[in-house]
Structures are given as structure tokens and as C-alpha cells.
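# Sharing a model that was predicted from the sequence below.
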Amino acid sequence: MTVSLTTCSVASTPPATPSATAIAATPSAATPSAAPTPTPRPSFATVTSAAGVVWEATDEPGGPPVDGVMVWLRGKWPDGYATIAAIFAPSGAGPFPAVVYLHESAGLTEAQLDMARRISIGGFIVVAGCELSFARVQCQRRFALRETEAAFVDLARLLPRARPDAAALIGASTGATGALYTASTRSDISAVVADSGVGLQYPDAPVLLLASRADTLIGGVVEQAQTFENALRARGTIVESHYYDVGGHITLVNSQTTDDAVQRVIDFLNKYAKR
């Protein structure tokens, strides 16, 4: 069944809630003695966003199975461009707050997919979408990159068991810049997490800034984040921050900071994405 939205495509207008069926859990794995078999594709009712992007279930990308993914979705634009997204969802009927994870320039890595899984366990439906491919998940980069980010937000709000009113954003490195930009152009963003990166746009939604003084990839990233934090506060934006002395680039996936950073993100989203 295709669930189409007929609402206006203006980004700030909440799309209609679809009557799609719930995501089905992935069947249990075969016994160790059995020959490997392809993972069956979960059932998922196709959904179409107001922008005309059609999302339907697709096969898991090649490589080791990603733990915790409820379903892989392929999104296709009217002009033929397509991308892929992993959907993580907690158990229960919901509805759950929706979260979109925007990856770094290295692509959607296995470490970032696992982080999305951990965030989801905190009680969130998480969309980890692919914008460009150098890593675990392959996709082609769309020229109008911000359209891809917006499409992930629209998808998150359409998912069964997700709250349709808003979505939160988590961005890593260049993804942090994208998250801040997207949040500044929409009124349906509940909260923003910017990890190891800032931007030039100032969203109205609450912001959590994370960075490490031990980041050797981006020099002065903490100083940049502090300057951005001060600008947000001057505008009256709710902002929280934590700057680590250990770790490195992308605190959510660095082994020295990941546990603390993930918990800080969950606590932040519990305050602002669930209200």
C-alpha cells in the first residue's frame, strides 16, 4: 500500500499522518551450523512524502549485518535520484520521538550506525540516512545536498510509531553543519545535537554542542563551538555543551568519550524531543 501525502510541500507544514503498518521485526538469525542466507526483507508499507520522495523497503547493503536495524529503506526522488536509510526503533507501540542522524564526510560508517542503534535504545526512532558514500553504506551524492537532509526529516515524521509533529537532528562533523542549517530553515525540529562541528545558521530549537580539545582533525573546534555557543545564548536559544579533554574527532564514536556522549545526547533528547 502506498501512503501519499497531499499536504503542501512547505517544510514548516507538518505532513499528514500515514496509515502505514508497523515495521516488522527482522526474523531471528539462522543457527551457527546452517548455511548463511540473505536476511529476509521486512514488511513495510511504502510511504511518499509531500516532496514526492517514495520510500520503500530494500535489501541490506553488502557487508556484515548491522545490529539493531529494523528495516532498510530506499528513497527515490521524482527525478530518479535515490538513496538509502537505516531505521532503528525501540520496542513498544509508541509513538516515539523521531531523530535523524546526519553523518560525517567519511560517510555512514559502521561505528555511526551503532551509535544510532544506541540512541534508539533510549526511546527514539532513528533515521540514519546516506548522503555520500565512502564507508559502510553506498549512495550517490545529490547535487542539492540539503534536499536530502530535508527528505530524511520528512521520512522520520512519516514512519509508523513515530510522532509526526517534529523530529530532532544529530549531526557529526560536517553533518553538524547540516543539522544546524536544516534546523534553521524548518519549524518542525525539536532539538539539535552538533558533534565536532558548528555552522553559520542559528536555529531556534534547543542545541547541544559536543567537541574534544584532543581533536586533531579540526584545529580549534572547541573554541569554534564556544564562540557559536555564545552567539546562540545571545539570541536567547537554549543551549547545552560539553567539551572533552580526551578523545578526538566525533565524540559520539570515539572510544574514550562515546559512552558519556551517548548518554548526554539521550538525556538532552529526553528533555526536549519528548516534551
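Great, that's in hand.
# Is residue 99 in contact with residue 126, as I believe?
Yes: if you go by Cβ atoms under 8 Å, residue 99 and residue 126 touch, sitting 4.7 Å apart. Backbone N, C-alpha and C define where each C-beta goes, glycine included.
# out of those two, which sits in the more crowded spot?
For residue 99 versus residue 126, the count of surrounding residues by other Cβ atoms under 10 Å is larger for residue 126: 32 against 27.
# Shouldn't that one be within a helix?
No: applying DSSP: H, G, I helix; E, B strand; the rest coil, one finds residue 126 to be strand, outside a helix.
# And it, what's its pLDDT?
pLDDT, residue 126: 98.
# same deal with residue 158?
Listed pLDDT for residue 158 reads 96.
# Any idea how many residues pack against it?
Neighbours of residue 158 under the rule other Cβ under 10 Å: 23.
# What sits closest to it if chain neighbours are left out?
Sequence neighbours aside, residue 47 is the residue nearest to residue 158 in space, at 4.7 Å (criterion: Cβ to Cβ, 6 or more residues apart in numbering).
# now the helices for the protein?
Here the chain has its helices, by DSSP state H, at 110-121, 145-158, 174-185, 221-234, 258-272.
# Contacts for the longest one, please.
When contacts are defined by Cβ atoms under 8 Å, 6 or more residues apart in numbering, helix 258-272 is touched by residues 97, 99, 115, 118-119, 122-124, 168, 170, 190-191, 193, 195, 205-206, 208, 210, 238, 240, 242, 244, 251-252, 254.
# I'd like the distance between the residue nearest to residue 182 when sequence neighbours are not counted and residue 114.
Leaving aside its chain neighbours, residue 182 sits nearest to residue 149 (4.9 Å; criterion: Cβ to Cβ, 6+ apart). With distances taken as Cβ to Cβ, to the nearest Å, residue 149 is found 21 Å from residue 114.
# cool, and residue 162?
Noted for residue 162: a distance of 21 Å to residue 114, by Cβ to Cβ.
# now do residue 91
18 Å.
# of those two, who's got more company?
Counted by other Cβ under 10 Å, residue 91 and residue 114 do not tie: residue 114 has more neighbours, with 19 against 9.
# so what's the more buried one scoring on pLDDT?
Note on residue 114: pLDDT of 94.
# Assess the claim that it and residue 67 are in contact.
Yes: in this structure residue 114 lies within contact range of residue 67 using Cβ under 8 Å: 7.1 Å.
# hang on, the earlier thing: only the buried subset of the contacts of helix 258-272, as a PyMOL command please.
Of those, the buried ones go into a single PyMOL selection, burial set by 16 or more other Cβ atoms under 10 Å:
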select buried, resi 97+99+115+118+119+122+123+124+168+170+190+191+193+195+205+206+208+210+240+242+244+251+252+254
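# mind listing which of the contacts of helix 258-272 are in strands?
The strands, defined by DSSP state E, take in 97, 99, 168, 170, 190-191, 193, 195, 208, 210, 240, 242, 244 from the contacts of helix 258-272.
# and of those, the nearest to residue 180?
Using Cβ to Cβ, residue 193 is the member of those that lies nearest residue 180, at 10.0 Å.
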